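Q: give me a 3D structure for the following:
(2 chains)
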Amino acid sequence: MAETTATAKMTIKDFQSDQDVRWCPGCGDYSILAQVQRVFPEFNHPKENFVAISGIGCSSRFPYYMDIYGLHGIHGRAPAIASGVKLANPKLDVWVATGDGDGLSIGGNHMIHMLRRNMGIKVLLFNNQIYGLTKGQFSPTSQMGQVTKSTPMGVIDPPFIPVSLALGAGATLVARTMDRDPKHLQEMVRRAENHQGSAFIEIYQNCSVFNDGAFFLYTEKESRDDHVVYLEHGKPLVFGKNKEKGVRLNGFTPEVVSIADGKYSVNDLLVHNEKDGTLAFILANMIHDPELPRPMGVFTALERPTYESMMVQQIAKARSKRGEGDLQKLLEGDETWVIQ
Amino acid sequence: MAKQLKTLEEVTIRFAGDSGDGMQLTGTQFTNTVAALGADLATFPDYPAEIRAPAGTKYGVSGFQIKFGSTDILTPGDTCDVLVAMNPAALVTNVKILRDGGTIIVNEDAFNDKNLKLANLSTNPLEDGSLARFNVHRVAITKMTAGALADMNLSTRMVDKTKNFFALGLMYWMYNRPIDGSVKFIQEKFGKKDAEIAEANVRVLKAGYNYGDTTEVFTTRYDVKAAHLPPGTYRNIMGNVAAALGLIAAAKKANLELFLGSYPITPASDILHELSKFKEFGVKTFQAEDEIAAITSAIGASYAGALAATTTSGPGLALKTEAMGLAVILELPLVIINVQRGGPSTGLPTKTEQADLLQAVVGRNGEAPMCVISASTPADCFEVAYEAARLAVKFMTPVIALTDGYLGNGAEPWRIPKVSDLKDIPVTFASDPKTFQPYARDPKTLARPWAIPGTPGLEHRIGGLEKADITGNISYDPDNHHVMIKKRAAKIDGIANDIPDQKIEGEPQGDLLVLGWGSTYGAIKSAVDAARADGLKVSHAHLRYIHPFPKNLGEIFGRFTHVLIPEINNGQLITLIRAKYLIPAIGFNMIKGLPLRAEEIESKIEGILGGKTNG
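A: Modelled structure (predicted):
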């Protein structure tokens, strides 16, 4: 990647605002903020072109802590606000920070429509499976049976699978990562940056106050290796402490097999292909089977024209056909008469 | 037989038929032809919310009224002189507004048992004597249309679809208007796709015209001369089109790109349609997923430096409420055009009303003051949209421009302004990192700087949480909140220093001031003119600026004994006026989904002042 003089000098400090960060001690948001601030200096454009847009919720305080242009909007509307920013100036690098409540409940409509349009906007969805800022009600990603302030006898709403929702909406880059894996999180932020069109990154994020440990099975060293499979384009789905297990497709159904006992080899395993939109749905559905490891990484990365590029093209086409608009002629319209 | 040609000063015609009969098209064609000959005019399209209600029913009737003349035409007319009725339902639902002695032209072929039954009629009005006080012409429109197309081998359905042009041709003959404009229109609209359909429509149009010329039924034609309008170049324009042009013109004068975030809603969608046509002006139209995304995308575009607008009607404005508050606290320019319709809730989508005024002025959570202005005629929608944009960028604030269904769909001649005569809209983006503070204010306007992403060194954050004065950082400080509320209010109040004083039509003092706003302009002016002609001491003031009010308004009230406020709502402007000026204003409120009638206002005036003074 070519570097300009200006960007070459940037460091993490250039992206830290002068505001005190006010998340709870131990919140996963700190890691997400730090990884973004570490990676942004690498990107090949001036700092003033970064914009962060958010809605309401703990995650939505994100723009205040980034020393870039930022707009903290209203609940759920960040994708729509960001769409306006991007359309008004497609050169801007527009990021949305949102949560499971903000992005998938009150703002679910905006999210799916932004994704289907393939608007050039990068979404960081902080998923903590709880409403934190309102102090502990269940969210659309809370688990069945979860006891929360508003569900003393347990949640009876089946949860959204954010990755499945994004795929269903037609998102062109869909990924999952977690707050406690900084390197992987950084890599997913890079993938989002380099993608043309909408990028949707679900980040498993620990809420240390209202839903502590919701993702520990996947994020903690002791259990991670046996419960997470990292998706890499062109590579087989291998996991386990000693890389002794893999995921194989039995028809359309993934299953865990051992590649250590001689029955299956690595050649029998499912090989990840980011360009295969159908495979992405199968991988997303692995969440329903507790025997299967949780996939992390890029589920799909497809190429489609972005909404803003098509809008710009239509304007250029209209101008080449009809010339720059002449306002006086426009006001006159087709038929006029003169009164002396 | 020689036909007479009589000159009329003004005439009102109403076309009425099934919503599938093309009455709106017929009316618009007639209007364009009349306009091009220089008559003054006003139109009133009156149609149901259903796209194609069952044919022949009363609730499926679509009407289009036009009043035109060589005089100053202020309204589309309280009553009409001529009613063109394509079926029994159209006749019975519209005959009540035909003046005694008026002319009815009916398609007699449609008066069969089936259609009479659909119109809930037990007898045929053409035969039962109920139309005795009118001059009824029974014309076999369906049969003659079919006859004109007999050799063309078209389906019955196709033939039936052209019959509105027979009525149009006949009216062109009767009012001495040429058919050329409509022939050209038909060829452009249908000719490229289907030459046969174009041919059929032109033939039927001519057949209607020739029928008038040859039949002995019609002995007189009428002529209406050009009106004595101020010199200039004119066009015919609908309010929604005028509003769209106002936005494009403002963007051009401000040297900004125009961004429209909108969601389809009756009767505002035409502004979206119109703006989407003019991409060569760099106009970006974004049909969003809902009303909320429409306004929030516009807020985002404004943040990024576009002249941003959103267009809607009442229910949509309600959905945008929270986002309007965001625009208020962000202090970003935004034009919100609300083409009002009958409410509450879904209400009367295709009918007009002025009942969103309080929603516009005060309908937000928290103290969220916003500038509100309103258009008074279809052409005025241009100036009001333009002015809304000018105020928005000058004061860094959202501005609501209120029009309504009657203005949006109505049409009138418009004296086209010269682009060079339009007020300047200077815009300066912040650029100096040394002095930049997001919420520092211009001492005169109290506007904060517009600092757009992409500007080096001005990286800053804004949001919906209360801001610290000057820096714009989050602040929960009690004193700061009080200061910021007062500053936001003072900024909007200060707009009063930037707008013209309220003008009065008529004497500057007297017994009664009729105060109006919005689309009631023509009806109030007609009523006041008539009352003044009768010797009553009445004047008319029509507000464009509603929040804030013009500075001299209170002083004007002091010069009149009574103040009458006619509105198409249950008393909204009057609530604001009484609250602010503590005067015992009198209301006149008709909420029927229809424009106010001049006659009704005039009798209210007479009621207050005790009738005519010279007779």
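
Q: how about the residue lying farthest from the centre of chain B, secondary structure?
A: Most distant residue from the mean C-alpha position of chain B: B:Lys434, 47.4 Å away (C-alpha atoms, centre = their mean). Under DSSP: H, G, I helix; E, B strand; the rest coil, B:Lys434 falls in the coil class.

Q: roughly how far apart are it and B:Phe281?
A: 36 Å (C-beta to C-beta, to the nearest Å). In short, each C-beta sits where N, CA and C put it, glycine included.

Q: and if you look at A:Lys91?
A: Here A:Lys91 is placed at a distance of 20 Å from B:Phe281 (C-beta to C-beta).

Q: between these two, which is the more surrounded one?
A: B:Phe281 (23 against 11; other C-beta atoms under 10 Å in any protein chain shown).

Q: contacting residues around residue 327?
A: In the absence of a named chain, this looks at chain A. A:Leu327 sits next to B:Ile248, B:Ala249, B:Lys252, B:Phe281, B:Val419 when contact means C-beta atoms under 8 Å, 6 or more residues apart in numbering or on different chains.

Q: to clarify, I was referring to chain B.
A: So B:Ala327 contacts B:Ile295, B:Ile299, B:Ser302, B:Leu334, B:Thr397, B:Pro398 (C-beta under 8 Å, 6+ apart).

Q: also near chain A: which of the contacts of A:Leu327, exactly?
A: Contacts with chain A within the contacts of A:Leu327, counted by C-beta under 8 Å from any C-beta of the partner chain: B:Ile248, B:Ala249, B:Lys252, B:Phe281, B:Val419.

Q: please name the bridge partners of the residue minimising distance to the centre of chain A.
A: Closest to where the C-alpha atoms of chain A average out (C-alpha atoms, centre = their mean) is A:Ile201, at 2.2 Å. When bridges are called by DSSP bridges, A:Ile201 pairs up with A:Leu124, A:Ala175.

Q: state the distance from it to chain B.
A: For A:Ile201, the distance to chain B equals 20 Å [C-beta to the nearest C-beta, to the nearest Å].

Q: my guess is that residue meets A:Met178, correct?
A: No - with contact defined as C-beta atoms under 8 Å, A:Ile201 does not reach A:Met178; the gap is 10.7 Å.

Q: would you mind listing what in the stretch 201-340 of chain A touches chain B?
A: A:311, A:314-315, A:317-319, A:321-325, A:327-328, A:330-333, A:335-340.

Q: which residue is it, in the stretch 51-200 of chain B, that comes closest to chain A?
A: Nearest residue of the stretch 51-200 of chain B to chain A, counting by C-beta to the nearest C-beta: B:Gly181, 7.5 Å away.

Q: once you drop chain neighbours, what's closest to that residue?
A: Leaving aside its sequence neighbours, B:Gly181 sits nearest to B:Thr33 (C-beta to C-beta, 6 or more residues apart in numbering or on different chains; 4.8 Å).

Q: contacting residues around the one you found?
A: B:Tyr172, B:Arg177, B:Pro178, B:Ile179, B:Gly181, B:Ser182.

Q: got it, and B:Phe278?
A: A:Ala318, A:Gly325, A:Leu330, B:Ile248.

Q: mind putting the residues you listed in TSV, distance to B:Leu319 and neighbour count included?
A: Below are those laid out as TSV (distance: C-beta to C-beta, whole Å; neighbours: other C-beta atoms under 10 Å in any protein chain shown):
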residue	distance to B:Leu319	neighbour count
A:Ala318	31	19
A:Gly325	32	17
A:Leu330	31	18
B:Ile248	25	25
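
Q: where is pLDDT lowest across the residues you listed?
A: Least confident of the contacts of B:Phe278 in the model: A:Gly325, at 94.

Q: my read: it touches B:Leu275, true?
A: No - A:Gly325 sits out of contact with B:Leu275 when judged by C-beta under 8 Å, with a separation of 11.9 Å.

Q: is B:Thr377 in contact with B:Glu412, as I believe?
A: Yes - with contact defined as C-beta under 8 Å, B:Thr377 and B:Glu412 form a contacting pair (6.0 Å).

Q: common neighbours of those two, please.
A: Among the neighbours of B:Thr377, none is also in contact with B:Glu412 (C-beta under 8 Å, 6+ apart).

Q: quick check: B:Ile299 touching A:Gly84?
A: Yes - B:Ile299 lies in contact with A:Gly84 (C-beta under 8 Å); the separation is 6.4 Å.

Q: anything in contact with each of those two?
A: Shared contacts of B:Ile299 and A:Gly84, counting by C-beta under 8 Å, 6+ apart, come down to B:Ala308.

Q: so which of these two has more stuff around it?
A: A:Gly84 (32 against 29).

Q: so where does the more buried one fall, helix or strand?
A: Per DSSP states H and E, A:Gly84 falls inside helix A:78-88.

Q: one more: B:Ala389?
A: Element membership of B:Ala389, judged by DSSP H and E, is helix B:380-395.

Q: same question for A:Ile53.
A: Using DSSP H and E, A:Ile53 sits in strand A:50-54.

Q: residues in contact with the next helix or strand after that strand?
A: Once the chain leaves strand A:50-54, the next helix or strand it forms, by DSSP H and E, is helix A:62-65. For helix A:62-65, the surrounding residues in contact (C-beta under 8 Å, 6+ apart) are A:16-17, A:19, A:21, A:29, A:32-33, A:52-54, A:70-72, A:97, A:124, B:461, B:463, B:474.

Q: per-domain residue ranges of chain B.
A: As given by automatic domain parsing, the domain ranges for chain B are B:4-224, B:235-421, B:510-609.

Q: B:Ala468 is in contact with B:Gln437, correct?
A: No - in this structure B:Gln437 lies outside contact range of B:Ala468 using C-beta under 8 Å: 10.1 Å.

Q: what's the overlap in contacts for A:Gly325 and B:Leu275?
A: By C-beta under 8 Å, 6+ apart, the residues touching both A:Gly325 and B:Leu275 are B:Ile248.

Q: and the residue of the stretch 151-300 of chain A found nearest chain B, what are its phi and psi?
A: Distances between the stretch 151-300 of chain A and chain B by C-beta to the nearest C-beta are smallest at A:Ala169, namely 11.2 Å. Backbone torsions of A:Ala169, given as degrees, to the nearest 10, read phi -80, psi -10.
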